[in-house]
Every structure is written in C-alpha cells, then in structure tokens.
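**Q** What shape does this take:
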Amino acid sequence: MAGLTSMPGGFDLFRFQQQSVRAWADEVFEAPQTKQLIGAWAPHVGTAPDDGGGANLAWLFNTVIQDGGNNLVKGGMQNLPNTLTAVIEAHGGSVRTGARVDGIHVENDAAVALRLADGEEIEVGKLIASSVDPRQLALKLLGEEVVGKQIVDKMRRYDYGPAAMALFLALDRPVAYKAGDLPSRSSGVHCAPSDFEYLAQVFLEVRSGLLPSEPFCVVWNEGTVDPSRVPPGKELLKFFIMPVPYEIKGDAGGTISARTWQDAKEPFIDRVIARIERDYMPGLSQQIVGRAIQSPVDFEELLPSCHNGTVTHGSMMAYQMGAMRPIPELGGYRTPVSNVYLCGSGSHPGGGISMLPGRNAAREIYRDLGIDFSNTIG
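**A** Modelled structure (predicted):
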C-alpha cells in the first residue's frame, strides 16, 4: 500500500492532482480489487472513475480512513450539533432552530441584520459566519445588488454535482454477507464489483438523467461501533446511494415509469434492495421489519442547503476546489460584504464532517479581528 502512504512532489504532484482515479490506480496497483477499493471512495464526492482530479480525492479519503479510522458519534450524529450547542451556550451564546433566514440586510458594505422568513429581524453584532450553500448565500440571502452581477452570474452556473439519497432498514436479526463474517463486523461496506467499468456506467446513466440500472451504495452499520444504537439481536443499516439524478429523465433499467421522486423512490429502492440481496446479502428482504427513504428532494426539503439533493454544497471537481471553491471571488472564506464569511462545505476543503472549512474560516475571522488564532485554537 505504498501508494497510500507517500505523496509525489514537484511536477509529479501537479500531475497526480489532475489525474483520474482510474489513470492513477492503473499506474500504482495491479489487482482490480485494490483499484476498486481506492476508487469506490471517489463517488462520495460525485467523482466518476475518469474525472480529472478524482485520484486526489480518492487518495485523500483513503489516507484519512487509514490514518484516523472511520469515527462515529456515539448515540447518533445529532449529538454533534447538540454538543456544539452546549459549548456555545456555556460561553454565553444562544442557538435557535426552525428559524429560517430569508435575507441579510447590508448597509455601507456591512451586514447589519438578518431577516427571518416570518419577518423578524435580528441585529448583527460583529459578523455573520454562514454555513449555508454558497449559491443560496450569494443569490438569495445577499443578492445581486450586494454581491454584483459577476458573482451572481458565476453562482447561477455553479456546479452542484450529482444528487444522493438514503435508505434506512431495521432488521429483525444481524445481516449475513456472501463474503463471510468480516463485512458484517465493519462499520461501512462499499457494494460494488471489482472493476471501474461498473462505476463508470453508473455515472454515465445518472449524468444522462437516468435512474441507474445497478445503483451503487455504501452500507453503514453503525451498531458495530456503537451497540447502543440497536436493540440486542437486531440490526439497523443505512444505505447511502450515490450518484442519482435530481431530475429524473428516464430509467436505465427500463422498469420505472415515474419521473418524480415522490413516485419513483419506492420502486427505485426496491431495485436497490433486490441488487444488494442478489449480490451481497442473501435473504435481506425477509429480515426487514421497517424502512425509511430519503430521496434527493427529501434531502432538500429537510435541509435547504442540500440544494438539488447534494450533500457537499457543490461538486468537488478540480475546477471547484482550493482557492476556486466555490468561485475565486468567494474563495478564502470571504464575501464582498466586509463582515460576512463563508464557513461551510462550499468552501475549501469541501464536504464531509471534517469541520475544516469552519476552522479555516475562523482563522481568517481571527486575523481580521486582530486575535491570535494560534493561542486560541490548537
């Protein structure tokens, strides 16, 4: 696994950062199983096997997992914002939920108030740190009069990338894999054949607006890490299915006629379950005691920042990464408004629960406020 523990330098590094995951994996590895082990992480951020820059993202995912493990929040992911809320409140702050922001009022190049959807206005103290998706921030909350036509035009063509969806299955007993006991003891399993052609075909279908005939998904079994999540003798699986189209133009499998997610999500999930049962988990359908589905439209309704059903606040292709994320004019965690900052997944280094966009934004905010960042946050 030397390719995962060392990085090239100079020109080779620049070359690597432009490579597709297929091109890089073909150079570094021999076994197709190893290539797919690496490459199956790229779809997490909407990258196909032959997309430029995919190698860098797949390598990054693998090295992070290899170095730090796939950590989970005990009791469920909601405990992360609950803990952050407790920290804020312990330091005299307050957190409001269910209060949707409808706009930011700007005077003399500075935000002075937030306008909520119900008409209430909240006075801004020193600054706003926004973790909503950058298109919504620029086009809706600030608007063209504030950010200018150039930024508005660029954000209107901002690439969100493919959508995703989720399936939750409650099972009456632990699942059994064809591959044996090891996958059932893992917190996450990629369900994919050992070749790039499979993933390439899935992306080809989805980018044509089609429901994929053989959907790709990762299966999360968080009860293996945190047994408190599941009653004894039972199992709870989360299937994250990606990519899928946000707007359905057809069905590559030829069996689903629905063209809205409201009508298509049930038969499409039937396809997902049938595929998983056929290739990976025999008898799965007989173990199901309950299921819940979240389509791309459901994602967007539950969390408006999941625009178009995406979870990364924008495609993580090479042309929207680094200083170009989300666009150069909004790179560096700043906006044209002096006291409004970006701190979410639409900024470098992108999506995931790394908290790095927030940390990086805090560093810039501290610099602007004249506070020594190194003495405050490790």
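
**Q** Residue 231: which element?
**A** For residue 231, there is no enclosing helix or strand under DSSP states H and E.

**Q** can you start the count at 55 instead of 1 from here on
**A** All right, first residue 55 from here; so that's residue 285.

**Q** So which residues make contact with stretch 115-133?
**A** 55, 58-59, 91-92, 95-96, 98-99, 134, 241-242, 276, 279-280, 282-283, 407 (CB atoms under 8 Å, 6 or more residues apart in numbering). C-beta coordinates here come from the backbone N, C-alpha and C atoms, glycine included.

**Q** If we go by neighbour counts, what in stretch 100-113 is buried?
**A** Neighbour counts using 16 or more other CB atoms under 10 Å place 100-103, 105-113 of stretch 100-113 among the buried residues.

**Q** if we can go back for a sec, now that we have the contacts of stretch 115-133, which of them are buried?
**A** 58, 91-92, 95-96, 98-99, 241-242, 276, 279, 283.

**Q** Which pair in the residues you listed has the greatest spatial separation?
**A** 58 and 283 (29.8 Å; CB to CB).

**Q** So the spatially closest residue to residue 222 that is not a sequence neighbour versus residue 224, what's the distance?
**A** Computed as CB to CB, 6 or more residues apart in numbering, the closest residue to residue 222 that is not its neighbour in sequence is residue 346, at 4.5 Å. Going from residue 346 to residue 224 by CB to CB, to the nearest Å gives 9 Å.

**Q** Compare the two (neighbour count), which wins?
**A** Applying other CB atoms under 10 Å to residue 346 and residue 224 shows that residue 224 carries more neighbours, namely 16 against 12.

**Q** same for the host helix or strand of the more buried one, what does it pack against?
**A** When elements are assigned from DSSP H and E, residue 224 belongs to strand 217-225. If you count contacts as 3 or more CB pairs under 8 Å, 6 or more residues apart in numbering; DSSP states H and E, strand 217-225 packs onto strand 289-298, helix 315-333, helix 338-341, strand 342-348, helix 350-356.

**Q** Could you single out the most deeply buried of the ones you listed?
**A** strand 289-298 (a mean of 22; mean count of other CB atoms under 10 Å).

**Q** So what touches it?
**A** Contacts of strand 289-298 (CB under 8 Å, 6+ apart): 97-98, 100, 215-225, 227-229, 256-257, 260-261, 265-266, 269-277, 283-284, 322, 326, 330, 341, 350, 363.

**Q** Drop anything exposed from those residues.
**A** The buried subset of these - by 16+ other CB under 10 Å - is 97-98, 100, 215-221, 223-225, 228-229, 256-257, 260, 265-266, 269-277, 283-284, 322, 326, 330, 341, 350, 363.

**Q** State the distance from residue 285 to residue 273.
**A** 19 Å.

**Q** pLDDT weak spots in the stretch 205-354 of the chain?
**A** By pLDDT under 70, the stretch 205-354 of the chain has no low-scoring segment.

**Q** cool, the stretch 55-204 of the chain as well?
**A** 55-65.

**Q** domains in the chain, as residue ranges please.
**A** Using automatic domain parsing, the domain ranges for the chain come out as 56-122, 154-212+364-429, 217-356.

**Q** Adding distance to residue 143 as columns, could you present those domains in CSV?
**A** As requested, the domains of the chain are exported to CSV (distance: least, CB to CB, whole Å):
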stretch, distance to residue 143
domain 56-122, 29
domain 154-212+364-429, 16
domain 217-356, 24
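
**Q** so which of the helices and strands packed on strand 217-225 gets nearest residue 387?
**A** Nearest of the helices and strands packed on strand 217-225 (CB to CB): helix 350-356, 24.7 Å.

**Q** pLDDT of the very next helix or strand once past the closest one, averaged?
**A** Past helix 350-356, further along toward the C-terminus, the next helix or strand under DSSP H and E is strand 394-396. In this model, strand 394-396 carries a mean pLDDT of 98.

**Q** can you list the residues that contact strand 394-396?
**A** Outside strand 394-396, the residues touching it (CB under 8 Å, 6+ apart) are 158, 165, 181-185, 188, 191, 196, 380, 384, 387-389, 411, 415, 418-419.

**Q** so who does the nearest residue to residue 328 once chain neighbours are set aside touch?
**A** Leaving aside its chain neighbours, residue 328 sits nearest to residue 339 (7.7 Å; criterion: CB to CB, 6+ apart). For residue 339, the contacting residues are 327-328, 331, by CB under 8 Å, 6+ apart.
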